[in-house]
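Enquirer: Sequence first, predicted coordinates after that:
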Amino acid sequence: MLRQQDVGHRIVVRRIVGVRAGRPLFSDALGELVELDETHLTLATRQGRLQVPLAQVHRAKRVPPVGRPAAAAVVALELAADEAWPAAVRGRLGDWLLRSAGGWSGRANSALPVGDPDRPLPDAVDAIERWYAERGRPALVNTPLPLATPVAAELDARGWAARPPVLVQAVALAALPPAAGPPVELAAAPSEDWLAVAAGRKGGLPDAARHVLTAVDQVRFAHVYADGRLLAMGRGTVTGQGRWLGLSLIEVVPEARRQGLAGLVVRALAEWGAGLGARDAFLQVEQRNTAAVALYRGLGFTTHHTYLTRVAPA
């Protein structure tokens, strides 16, 4: 049976649609699982959304995505994402990246094993452990899948744990739906209100965090105000040789949700990015965050690839 970890992935469902001569009749549905609760699952299929009561599900399983991206495409997007979320302290193991930002966010405090580490795999993992130990930080590794499957196998053998899966999602800017609503202000620096909301979401903003947020050549901070109060916000960057608009910290205050403000912020940042020549947008969302996955699915985002943040044994 499916689990919350399957939300955002392509699945096939065999469901009971009737009974004939005392025997059940079955029908198969294929699509992206966008919601799973205690009573129903919801699929996004080519024919539209399909809600299926779990009592009618005979079998369901995850299936491989159509058109799985080439390894080079995953590497290019991971490097664009690294540019968009730059750790202040950095090192290299051959092509692999080592990153530290005082513990603020997993992405900025993990190794990124893409390319050739210029040494045998076990030696590379040993070097990662030493590099983080020298800085008094736990060793973390972000493993894009299936690209980093050999790395994941080595970490499994060493007893490394895994944090919840993260979906790296993408959409062509031209495919984003239009949005209408209050004006979105874009600024080259975040306001104090913006930083306060970000601090509440991320558990504080040390100096290393401010570096991650602002140390990008092309960056904008979106603000939506009503009666002088910040209702929605977001951050956009253009990296990856100008191709990719990176979206992060898309946030709406609780009392203003379900009014389309998140989509409004995404559209405003998309127009800014397109003006700089960007063609596609990406974001990263935890697979278990089903509300956000559904929101981005409604904007046209699909899963490009996934990653796991692996944590060294204490």
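Expert: Right, received. Where do you want to start?
Enquirer: only C-alpha atoms for contact and neighbour calcs from this point on.
Expert: OK.
Enquirer: correct me, but residue 128 touches residue 139?
Expert: Yes: using Cα atoms under 8 Å, residue 128 is in contact with residue 139, at 6.8 Å.
Enquirer: Checking residue 238 next. Helix, strand or coil?
Expert: Secondary structure, DSSP: H, G, I helix; E, B strand; the rest coil: residue 238 is strand.
Enquirer: Ignore what I typed, I meant residue 265.
Expert: Criterion first, three-state DSSP; result for residue 265: helix.
Enquirer: Would you mind giving me the confidence score for it?
Expert: On the pLDDT scale, residue 265 is placed at 98.
Enquirer: Quick check: the gap between it and residue 258.
Expert: 13 Å (Cα to Cα, to the nearest Å).
Enquirer: where does the chain dip in pLDDT?
Expert: Scanning the chain with the threshold set as pLDDT under 70 gives 8, 66-67.
Enquirer: By residue count, what's the longest strand in it?
Expert: When the chain is parsed with DSSP state E, its longest strand is strand 23-36.
Enquirer: Who are the packing partners of that one?
Expert: Packing contacts for strand 23-36, counted by 3 or more Cα pairs under 8 Å, 6 or more residues apart in numbering; DSSP states H and E, involve strand 10-20, strand 40-45, helix 290-298.
Enquirer: Paired strands for it, with orientation please.
Expert: Strand 23-36 has the following sheet partners, assigned by DSSP bridges: strand 10-20 (antiparallel), strand 40-45 (antiparallel).
Enquirer: Would you convert these into TSV that also reports distance to residue 234?
Expert: Listed next are the strands paired with strand 23-36 as TSV, based on distance: least, Cα to Cα, whole Å:
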stretch	distance to residue 234
strand 10-20	28
strand 40-45	26
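Enquirer: and the ones you listed, which is most packed in?
Expert: With neighbours taken as mean count of other Cα atoms under 10 Å, these reach their highest mean count in strand 40-45, at a mean of 19.
Enquirer: Determine how far that strand lies from the middle of the whole chain.
Expert: 21 Å (Cα atoms, centre = their mean, to the nearest Å).
Enquirer: How about residues contacting it?
Expert: 29-36, 49-54 (Cα atoms under 8 Å, 6 or more residues apart in numbering).
Enquirer: just stretch 86-106 next, same as before
Expert: With contact meaning Cα under 8 Å, 6+ apart, stretch 86-106 is reached by 108-119, 124, 128, 137, 140, 202, 205-206, 208-209, 211-213, 215-216, 309.
Enquirer: ok, back up a step: can you tell me which of the helices and strands packed on strand 23-36 is nearest to residue 145?
Expert: Among those, the nearest to residue 145 by Cα to Cα is strand 10-20 (15.3 Å).
Enquirer: Contact partners for residue 161?
Expert: With Cα under 8 Å, 6+ apart, residue 161 has these contacts: 310, 311, 312, 313.
Enquirer: quick one: buried residues of stretch 222-238?
Expert: By neighbour count on 16 or more other Cα atoms under 10 Å, the buried set for stretch 222-238 is 222, 223, 224, 230, 231, 232, 233, 234, 235, 236, 237, 238.
Enquirer: same thing with stretch 148-168?
Expert: 148, 151, 152, 155, 160, 162, 165, 166, 167, 168.
Enquirer: How about residues contacting stretch 47-64?
Expert: Contacts of stretch 47-64 (Cα under 8 Å, 6+ apart): 1-2, 6, 9-17, 38-44.
Enquirer: Now do it: distance from first to last residue.
Expert: OK, stretch 47-64 end separation, Cα to Cα: 20 Å.
Enquirer: residues of stretch 82-90 that come out buried?
Expert: Quick answer for stretch 82-90 (16+ other Cα under 10 Å): 82, 83, 84, 85, 86, 87, 88.
Enquirer: again, but for stretch 295-314
Expert: In stretch 295-314, counting by 16+ other Cα under 10 Å, buried: 295-297, 299-312.
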